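Visitor: can't give you the sequence, but here's the structure:
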């Protein structure tokens, strides 16, 4: 109940001041120093009111309620800093009951510090006031609590002597925690890892110093831009689609990615992207943290090289080779294609090491590795097994064992020949050779170990045969290889020994009258007898022999045309000569034809060159230019084996040819197979539409001939009219 005694107006001022202080509106920083006297005087008046204040019960209670309801701790101490009174907030903050600390020095719960000592023994005795200061308090349970403390004094109103001090303690643990979090965040932002923050668009809104160091872009250059500014464009749309899908689903994506620096250099980085969401679970920012892992990748590559590659030659080692061999066997099982293992060893390598030292031996091994690699396809593997042993894996050759044998023989021989050439080792020229063993495989019936052992055994057979040679593990294959090698050896001497012959097969028009012949080469080998082209032409094709043989055939054919020019019964005949793709591609082929025409003074139109469609597989424009040049000489051109290769209407339109020659494979069943019949009719019609002569080869029956004549074929050739025969037999038919 209110007292009837009027309230002293100074009480209201004190209440206002305490309320302002309690809510932080009055402190030493915000209050000019010349107002301290007024404050002290007012508070000092509280002490001088004495009984009047006690008599003003309502005002006292009101003041007490304000002090007791303050959130900050308030302590009143005497000039010796002995605690006289505390408010409830003091217990809440420090845990002490009133009777536990009243009468004790205020220093019992302040952590000893130079700041506290200056405040108690220098600042307060002089000014009676301490500006807001951070101090550490010790709670009852020994917890260190940071506080913001302010102190002002209650003075005697007359003598101005300090009577009391009022301490206020504001708990700043939350503020300090936030400050620490900000410091940690700032320290994290200044890490060596690049940090990029975007809004939800996303547009870059902040980057750290490491971002600039790694990418080369300054903050000003990327602000507001899409992070794709550093994209390397190495990853496809599917990669980024998967990234965003994961990020939207889980709020996080982590992985390896390639990006681009400002200078254009592409580098690998480990990237973590985190989506920052608000209280409504909506993404507001993306934080990307990344590290340049170039050095790590280089280290990984180095470790990989040490684990899987030979340190000297940089070739795969045994471990990597066996891994690839295992996969190759599985692939062969699926494709049914043959492959091969070539096991090779350098002859007398130990002698080089003993004579010149291991440094020269190492140089030789490096050069050997280079030479072997040059003779292989990109998909093939050559490995160093140790010492002077090298193993080569040739994959996916052919489904035909004979063809595989031929191709692998050629590869092995190329390698053997290349290793036979002299080596320049520093200032020393060294000649070496190799012994090579070969083992074919198809499927995975045999293990890698078994196949390697077989190739190794074949290699030792090569060494026992005198070194610098090739041996196949399979005895049957070995015999086939030896036969081929023998043919190739004898083929090289066949021209010099005048062993080739031209046989002639007659060509007739639709009335059966002779119009010409095809010149077909035969090899009359003294020991093996007469050898047909299919047994030796492919060997000649794989070496330079075909060029010499081709020149001989053309020269002999033109000489024969010159002879026929003097025979009234034969001077109208034309002569067809087959030209290999390698021969036709020779740089001065046209000049060679021009020379031989002039040499024998023959009518060029009587010479017909038969070209296979395979000639058109490479350098089409160059082929067409040569064909035009030949046509300008007057030479006739025919496409041989038409329909079996890469026939194209666009080619037929461009090619300056005179004739299409239908392959015998279509003629064989033309009267029994409707599909072959349609094909032949189409080819004849095609030739007619392009104004080309059409000749069919392989005609053996009257029924086949009747079909061809009925469908407009102009000329034919085959056993029905005559087999290939010698020039003597051929000319006898015309001179009867």
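Guide: Thanks, I have the structure now. Since the model is a prediction, treat every value here as computed from it, not as a measurement.

Visitor: for the stretch 251-400 of the chain, what spans make up the helices?
Guide: If you assign secondary structure with DSSP state H, counting those that start in this stretch, the helices in the stretch 251-400 of the chain sit at 294-308, 318-335, 349-356, 358-374.

Visitor: right, and the ones you listed - which one's nearest residue 467?
Guide: Taking C-beta to C-beta, helix 349-356 is the member of the helices of the stretch 251-400 of the chain nearest to residue 467, at 11.3 Å. Just so you know, the C-beta spots here come from the backbone N, C-alpha and C atoms, and that holds for glycine as well.

Visitor: need the contact list for residue 510.
Guide: Each residue near residue 510 by C-beta atoms under 8 Å, 6 or more residues apart in numbering is listed here: 709, 713, 714, 715, 716.

Visitor: what kind of secondary structure is the second one in?
Guide: Right, residue 713. Under the three-state scheme (DSSP: H, G, I helix; E, B strand; the rest coil), the conformation of residue 713 reads as coil.

Visitor: For it, grab the count of nearby residues.
Guide: Residue 713 has 25 neighbouring residues, counting by other C-beta atoms under 10 Å.

Visitor: Retrieve the pLDDT associated with it.
Guide: Note for residue 713: predicted pLDDT of 94.

Visitor: circling back to that earlier point, which two from the contacts of residue 510 end up farthest apart in space?
Guide: Pairwise over the contacts of residue 510, using C-beta to C-beta, the maximum falls at 709 and 715, 10.4 Å.

Visitor: who's more crowded, the two?
Guide: More neighbours surround residue 715 than the other of residue 709 and residue 715, with 18 against 15 (other C-beta under 10 Å).

Visitor: in what helix or strand does the residue most central in space within the chain lie?
Guide: When C-alpha atoms, centre = their mean is applied to the chain, the residue found nearest the centroid is residue 234 (8.8 Å). With elements delineated by DSSP states H and E, residue 234 resides in a region that no helix or strand encompasses.

Visitor: again, but for residue 546
Guide: When elements are assigned from DSSP H and E, residue 546 belongs to helix 545-564.

Visitor: Quick one: mean pLDDT over that helix.
Guide: For helix 545-564, the per-residue pLDDT values average out at 95.

Visitor: how far does it sit from the chain's center?
Guide: Distance, stretch centre to chain centre, for helix 545-564: 53 Å (C-alpha atoms, centre = their mean, to the nearest Å).

Visitor: Can you list the helices and strands that the helix or strand just after it packs against?
Guide: Following helix 545-564 in sequence order, the next helix or strand is strand 574-579 (DSSP H and E). The helices and strands touching strand 574-579, judged by 3 or more C-beta pairs under 8 Å, 6 or more residues apart in numbering; DSSP states H and E, are strand 500-509, strand 514-525, helix 545-564, strand 607-612, strand 636-642.

Visitor: partners of strand 574-579 in the sheet?
Guide: strand 514-525 (parallel), strand 607-612 (parallel) (DSSP bridges).

Visitor: Quick one, which of those strands gets closest to residue 690.
Guide: Checking these against residue 690 by C-beta to C-beta gives strand 607-612 as the closest, at 15.9 Å.

Visitor: Break down the stretch 201-350 of the chain into its strands, ranges please.
Guide: Taking DSSP state E, counting those that start in this stretch as the test, the strands found in the stretch 201-350 of the chain are 204-207, 252-260, 266-277, 283-292, 338-346.

Visitor: got TSV for the ones you listed, with mean neighbour count too?
Guide: Supplementary listing: those in TSV, determined by neighbours: other C-beta atoms under 10 Å:
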stretch	mean neighbour count
strand 204-207	20
strand 252-260	16
strand 266-277	17
strand 283-292	18
strand 338-346	24
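
Visitor: Is it possible to get a markdown table of those that adds mean pLDDT and distance to residue 107?
Guide: Formatted as a markdown table, the entries for the strands of the stretch 201-350 of the chain read as follows, by pLDDT from 0 to 100; distance: least, C-beta to C-beta, whole Å:
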| stretch | mean pLDDT | distance to residue 107 |
| --- | --- | --- |
| strand 204-207 | 90 | 47 |
| strand 252-260 | 94 | 51 |
| strand 266-277 | 92 | 46 |
| strand 283-292 | 91 | 47 |
| strand 338-346 | 94 | 91 |
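
Visitor: Could you list the domains of the chain?
Guide: Using automatic domain parsing, the domains assigned to the chain come out as 9-172, 190-297, 312-473, 493-732.

Visitor: From one end of the last one to the other, what's the distance?
Guide: Distances were taken as C-alpha to C-alpha, to the nearest Å; on that basis the terminal residues of domain 493-732 are 31 Å apart.

Visitor: That domain: how far from the chain's middle?
Guide: Average the C-alpha atoms of domain 493-732, do the same for its chain, and the two points are 49 Å apart (C-alpha atoms, centre = their mean).

Visitor: Can you add distance to residue 459, mean neighbour count and mean pLDDT and give the helices of the stretch 251-400 of the chain back as JSON lines?
Guide: Formatted as JSON lines, the helices of the stretch 251-400 of the chain follow (distance: least, C-beta to C-beta, whole Å; neighbours: other C-beta atoms under 10 Å; pLDDT from 0 to 100):
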{"stretch": "helix 294-308", "distance to residue 459": "24", "mean neighbour count": "11", "mean pLDDT": "81"}
{"stretch": "helix 318-335", "distance to residue 459": "16", "mean neighbour count": "16", "mean pLDDT": "92"}
{"stretch": "helix 349-356", "distance to residue 459": "13", "mean neighbour count": "15", "mean pLDDT": "84"}
{"stretch": "helix 358-374", "distance to residue 459": "14", "mean neighbour count": "17", "mean pLDDT": "92"}
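
Visitor: Tell me which of these lies nearest to residue 287.
Guide: Each of the helices of the stretch 251-400 of the chain was checked against residue 287 via C-beta to C-beta, and the shortest separation belongs to helix 294-308, namely 22.3 Å.

Visitor: Show me what that closest one is packed against.
Guide: strand 266-277, helix 318-335.

Visitor: Compare those and give me the one nearest residue 357.
Guide: For residue 357, the closest of those is helix 318-335, at 25.7 Å, according to C-beta to C-beta.

Visitor: Provide the contact partners of the closest one at residue level.
Guide: The contact list for helix 318-335, computed with C-beta under 8 Å, 6+ apart, reads 307-309, 316, 338-339, 341, 381, 383, 385-386, 391, 393, 395-396, 399, 441-444, 448, 451-452.

Visitor: So among the residues you listed, which ones count as buried?
Guide: Buried subset of the contacts of helix 318-335 (neighbour count, 16 or more other C-beta atoms under 10 Å): 309, 316, 338-339, 341, 381, 383, 385, 391, 393, 395-396, 441-444, 448, 451-452.

Visitor: out of the residues you listed, which are inside strands?
Guide: Restricting the buried ones among the contacts of helix 318-335 to those inside strands, with DSSP state E as the criterion, leaves 338, 339, 341, 381, 383, 385, 391, 393, 395, 396, 441.

Visitor: does the last one have beta-bridge partners, and which?
Guide: According to DSSP bridges, the residues that bridge with residue 441 are residue 339.

Visitor: so where's the stretch 501-650 of the chain uncertain?
Guide: Within the stretch 501-650 of the chain, the set of residues satisfying pLDDT under 70 comprises 616-618, 643-650.
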